[in-house]
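Visitor: Okay, predicted coordinates and the sequence, questions at the end:
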Amino acid sequence: MYENLAIVGATGAVGRLIRQLLEERKFPYKTIKFLASKRSAGTELTFNGATHTVEELTPDSFEGIDIAIGSTPDEAAAEFAPWAVKAGCIVIDESGYWRMKEDVPLVVPEVNPEAIENHKGIISSPNCSTTQMVVAMKPLHDAGKIKRVIVSTYQATSGAGVVGEEDLIEGAKAVLKGEAYENKAFSHQIAFNLIPQIGSEKYEGYTSEEMKMVHETQKIFGDDSIKVCPTCVRVPVTNCHSETIMVETERPISPAEARELFEKTDGITVIDNLGAGEYPMPKDCTNKNDVFIGRIRKDLSCENGLTFWCVSDNLRKGAATNAVQIAELLVRSQAAV
Ligand code: 2RA
């Protein structure tokens, strides 16, 4: 039985949400421990009505633990995951470190749940901008095989952590008062601005965030022939990433068929009535677990093209919710044995 849990990075923004989701979704467990760096160890937190003291993450932290959900920086994930695997624990990792390793399944439960069967101790959850896109792509790919995607992202400041949100709020106050503000997360002012760079320069003029969207999408669908052309942009929105997604499929999919496919898919909510001014917006999608889709229409520039707007809570479905859903899959797969 997978009944002893650990949350690694328990005091961070995603760690907090993982706790909240385990409570909300009544995740079954016998014991749970909360782990963090030395700096946060000793912090007290409440989970399901009980008070827990956060423990320092060490090589011995995983004795007797069945599933660990980790939301830590890459360097910490590189170090702690092998400790956990050695102790016989399955790691669900939110960091970027393990995602593209050959032996590590990269899983979005709505898209490739079967991939968890191939794990060798570590299962990765994708980058937030990829996750919402592949959930939206899945029903279209099943119906008409996607050959090509052109995606532009409008990514919220919460994707860069608490300091990202601070750069937006405090930076906006400073601009309005005509005062100077020193950015903590971003290399440019984000208030009243857009920054067309997320991550570092990586390949042929594309950034690391953009190349994640290319490689992770191909890995999740197990299909390197899907071509992805991304542009990732940071926008002055506190939470929820938005994306314009154009897909070219092998056979034409009409907007009406696409709407029906999206509506039938678990994890997708369609809000699409342009005449009434109804479409998903970040302020309405925050704190929700679904991927929201609107503005579904034919692409006017290519024969089998379809284009739409997609919004999702990057800290929930883009991170915490996806990880908890993977843990739920593991529990269900064991119950089925
Ligand atoms: C961002 N995708 O929004 C990143 C977070 N993983 O910055």
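Guide: Done, it's in. The structure displayed is predicted, hence computed values, not measured ones.
Visitor: Which residue ranges of the stretch 1-150 of the chain form helices?
Guide: 13-24, 74-86, 128-144 (DSSP state H, counting those that start in this stretch).
Visitor: List the buried residues in the longest one.
Guide: So the one you mean is helix 128-144. Residues of helix 128-144 classed as buried by neighbour count (16 or more other Cβ atoms under 10 Å): 128-141, 143-144. (Glycine included, C-beta is placed from N, CA and C.)
Visitor: can you check the first one too?
Guide: For helix 13-24, the neighbour count (16+ other Cβ under 10 Å) marks Ala13, Val14, Gly15, Arg16, Leu17, Ile18, Arg19, Leu21, Leu22 as buried.
Visitor: from the residues you listed, which is closest to Ser208?
Guide: Set against Ser208, the nearest of the buried residues of helix 13-24 by Cβ to Cβ is Val14 (19.1 Å).
Visitor: before we move on, the earlier item: as TSV, the helices of the stretch 1-150 of the chain with distance to the ligand and mean pLDDT would be great.
Guide: Shown next, in TSV, are those (distance: least, Cβ to the nearest ligand atom, whole Å; pLDDT from 0 to 100):
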stretch	distance to the ligand	mean pLDDT
helix 13-24	9	96
helix 74-86	11	98
helix 128-144	5	98
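Visitor: Including distance to Cys232, could those helices go into TSV?
Guide: Shown next, in TSV, are those (distance: least, Cβ to Cβ, whole Å):
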stretch	distance to Cys232
helix 13-24	19
helix 74-86	18
helix 128-144	6
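Visitor: For His52, find the nearest of these.
Guide: Nearest of the helices of the stretch 1-150 of the chain (Cβ to Cβ): helix 13-24, 9.4 Å.
Visitor: Of all the residues in this protein, which one is nearest the ligand?
Guide: Nearest residue of the chain to the ligand: Gly159, at 2.0 Å (Cβ to the nearest ligand atom).
Visitor: How about the contacts made by that residue?
Guide: By Cβ atoms under 8 Å, 6 or more residues apart in numbering, the contact list for Gly159 reads Cys128, Ser129, Ile198, Arg234, His241, Asn314, Gly318.
Visitor: ok, back up a step: nearest to Val324, of the buried residues of helix 13-24?
Guide: Within the buried residues of helix 13-24, the smallest distance to Val324 is 4.5 Å, found for Leu21 (Cβ to Cβ).
Visitor: Could you measure from the closest one over to Ile116?
Guide: Separation of Leu21 from Ile116 (Cβ to Cβ, to the nearest Å): 18 Å.
Visitor: Equivalent analysis for Ala256, please.
Guide: 34 Å.
Visitor: Looking at these two now, which is surrounded by more residues?
Guide: Ile116 (18 against 9; other Cβ atoms under 10 Å).
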